[in-house]
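J.: Next comes the sequence, and after it the predicted model I'd like to discuss.
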Amino acid sequence: MELLSKSIAGKKERPIKVLQFGEGNFLRGFVDYMIDIANEKGEFDGDIVLVKPIEFGTLDRFCAQECQYTVSLRGLVDGKPSVLNRIVTSVADVVAAHEEYEKYSSFAKLDTLRYIVSNTTEAGIVYDESDRLEMTPPKSFPAKLAKFLYERYQHFNGAMDKGLVMLPVELIDDNGIHLKECVLKQADNWKLEDGFKRWINEACIFCSTLVDRIITGYPKEEDAKLWEEWGYRDELIVTGEPFALWVIESEKDIREEFPLDRAGLPVIFTDNQKPYKQRKVRILNGAHTSFVLASFLAGNDIVLESMEDDLVYNFMYHTIFDEVIPTLTLPKEELTEFAEAVITRFKNPYVKHALLSISLNSVSKWRARCMPSFLGRIEQTGQLPPHLTFSLAALIAFYKGTEIRDKALIGHRNGQEYRIMDDAAVLEFFAANSTKPSKELTENFLCSLEFWGQDLTQIDGLVDVVAGYLDEINEKGMRKTMEDNFK
């Protein structure tokens, strides 16, 4: 069977407008997919060059397939299972920054280049003072970018119309702001001229972005079947869910020059992404954190099972609509629409999301994702929100264990061991306190400033209610306790 190529894909050559640091599944199934649609609809007309920014790894598969690949989006659309396949033709070339430095560097001098996209992991946007300008290339991503921009600045003699737009998608708050700070620090470290720093500030745009789409990667167990169905081999397939959201915040409005929204794509341009970040963290991530531990102890193993379990589903639904949404600032209609989309995503039959994988670091996750809604609801009503309060008890129940083995606390469900993964301080606390009476365990846990940043035992009635739930869980089990309190 023939390997996917430009001729099979029917690729049209377009001017290169985007240089992308990172060739992984997420960017290819999210950013490059969107640009491909915008190209098709006549709203963009630009190609992408992928950069392998690190030394290890290979671009052989990209070269073999002339950078063409298929994205398969699978999930529920209008309540029915849907599969949408698309050959993405928006990638024109790939380059290895370390092994092909001259070729990589030449893109800095490309007149048509306008955008830099990056996904170098959360640890990628960090300043490294050991990076040097003479390195080819420097080690860290911000230093690579600083040198790349400096070479462009020099080549075009500081022309203000040759600045670039940075679109980082790394999962840190204010990613564009932090990236710009790192670039300017490198400019100072390398003692580059003030004109370059002025060009960075005035000619370049550093956007902060929020991205949302579950990408499930390469379908190892299905590839041969898909090749047979499509009539070509593709060793770069990307699978993911249909849902997507890209929120782009910038000081200068780039909507007109980067009009992905006009192509019908789920892209929001704003001068303040924080309400959208809050919405995602509190509804999507907060829902996960609030129900997965109870669901696991009630006998489920994946999110889809949880959504098919009426008891857990109703618990999750009331948590979102009764206790989370009322504390948020965006219009209720927007929040409701987003929440319904979240539930649809949780029901995706193509995604087998393990509850134990979501359980990682649940203490810090509960603090970041659930505690703001919990405290906000108490402030609004003067009462403990029942579902979020119970989720706190479920967290303690899930973490009960006395043995730490291979950096994991060992819990037990129906006589079977499971591994609890969290910071050492959390695991050591539960190993030392799990055998204490429920009220003492609850008090010791909720008063910890290290875990919560405040003393939660000061909230009227909280210790007694959580300890009461714990006693019920210990006596009757998780499922019967939930049935008695929430059915």
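T.: Okay, I see it. The model shown is predicted, which means the values in this text are computed figures rather than measured ones.

J.: quick one: the strands in the stretch 201-350 of the chain?
T.: Assignment of strands within the stretch 201-350 of the chain using DSSP state E, counting those that start in this stretch yields the ranges 205-206, 208-212, 215-217, 238-240, 245-249, 267-270.

J.: Which of the ones you listed comes out lowest on mean pLDDT?
T.: Note on those: lowest mean pLDDT is at strand 215-217, with a mean of 93.

J.: quick one on the thing from earlier: mind putting the strands of the stretch 201-350 of the chain in a markdown table, distance to residue 81 and mean neighbour count included?
T.: Yep, even glycine has a C-beta here, placed from its N, CA and C like the rest. A markdown table is the format used below for the strands of the stretch 201-350 of the chain (distance: least, C-beta to C-beta, whole Å; neighbours: other C-beta atoms under 10 Å):
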| stretch | distance to residue 81 | mean neighbour count |
| --- | --- | --- |
| strand 205-206 | 40 | 23 |
| strand 208-212 | 21 | 22 |
| strand 215-217 | 15 | 17 |
| strand 238-240 | 14 | 24 |
| strand 245-249 | 21 | 22 |
| strand 267-270 | 26 | 17 |
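
J.: got JSON lines for those strands, with distance to residue 425 too?
T.: Formatted as JSON lines, those follow (distance: least, C-beta to C-beta, whole Å):
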{"stretch": "strand 205-206", "distance to residue 425": "36"}
{"stretch": "strand 208-212", "distance to residue 425": "30"}
{"stretch": "strand 215-217", "distance to residue 425": "32"}
{"stretch": "strand 238-240", "distance to residue 425": "35"}
{"stretch": "strand 245-249", "distance to residue 425": "34"}
{"stretch": "strand 267-270", "distance to residue 425": "37"}
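
J.: Select, out of those, the one closest to residue 54.
T.: Relative to residue 54, the nearest member of those by C-beta to C-beta is strand 215-217, separated by 18.4 Å.

J.: Now do that closest one: which elements does it pack against?
T.: helix 25-29, strand 238-240 (3 or more C-beta pairs under 8 Å, 6 or more residues apart in numbering; DSSP states H and E).

J.: Name the residues that touch the last one?
T.: Contact partners of strand 238-240, identified using C-beta atoms under 8 Å, 6 or more residues apart in numbering, comprise 25, 28-30, 33, 69-74, 213-219, 350.

J.: where along the stretch 351-487 of the chain do the helices fall?
T.: 355-358, 362-365, 371-381, 386-398, 424-433, 438-446, 449-452, 462-476, 478-486 (DSSP state H, counting those that start in this stretch).

J.: circling back: pull out the buried residues from the contacts of strand 238-240.
T.: Among the contacts of strand 238-240, the ones that count as buried by 16 or more other C-beta atoms under 10 Å are 25, 28-30, 33, 69-74, 213-216, 219, 350.

J.: do you know how far residue 235 is from residue 96?
T.: 18 Å (C-beta to C-beta, to the nearest Å).

J.: what do you get for residue 53?
T.: Distance from residue 53 to residue 96, by C-beta to C-beta: 9 Å.

J.: any weak-confidence spans in the stretch 51-200 of the chain?
T.: Confidence mapping of the stretch 51-200 of the chain against pLDDT under 70 gives the ranges 122.

J.: the helices in it, which residues?
T.: 60-64, 101-106, 141-155, 175-189, 194-203.

J.: These: which one's closest to residue 334?
T.: Of those, nearest to residue 334 by C-beta to C-beta is helix 175-189, at 23.0 Å.

J.: contacting residues around the residue nearest to residue 12 when sequence neighbours are not counted?
T.: Closest residue to residue 12 apart from its sequence neighbours, by C-beta to C-beta, 6 or more residues apart in numbering: residue 89 at 7.1 Å. Counting by C-beta under 8 Å, 6+ apart, residue 89 touches 6, 9-12, 36, 39, 68.

J.: for residue 38, same thing?
T.: 44, 259-260, 262-263, 265.

J.: That one: helix or strand, and which one exactly?
T.: Element membership for residue 38 (DSSP states H and E) is helix 31-40.

J.: Dump that helix to PDB, restricted to CA.
T.: The C-alpha trace of helix 31-40 is given here as PDB (Å, rounded to 0.1, in the frame of the first residue of the first chain):
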ATOM      1  CA  VAL A  31      -3.000  24.300  15.400                       C
ATOM      2  CA  ASP A  32      -2.000  22.800  12.100                       C
ATOM      3  CA  TYR A  33      -5.400  21.200  11.700                       C
ATOM      4  CA  MET A  34      -7.100  24.600  12.200                       C
ATOM      5  CA  ILE A  35      -4.700  26.400   9.800                       C
ATOM      6  CA  ASP A  36      -5.400  23.700   7.200                       C
ATOM      7  CA  ILE A  37      -9.100  24.400   7.400                       C
ATOM      8  CA  ALA A  38      -8.500  28.200   7.200                       C
ATOM      9  CA  ASN A  39      -6.400  27.600   4.100                       C
ATOM     10  CA  GLU A  40      -9.100  25.500   2.500                       C
END
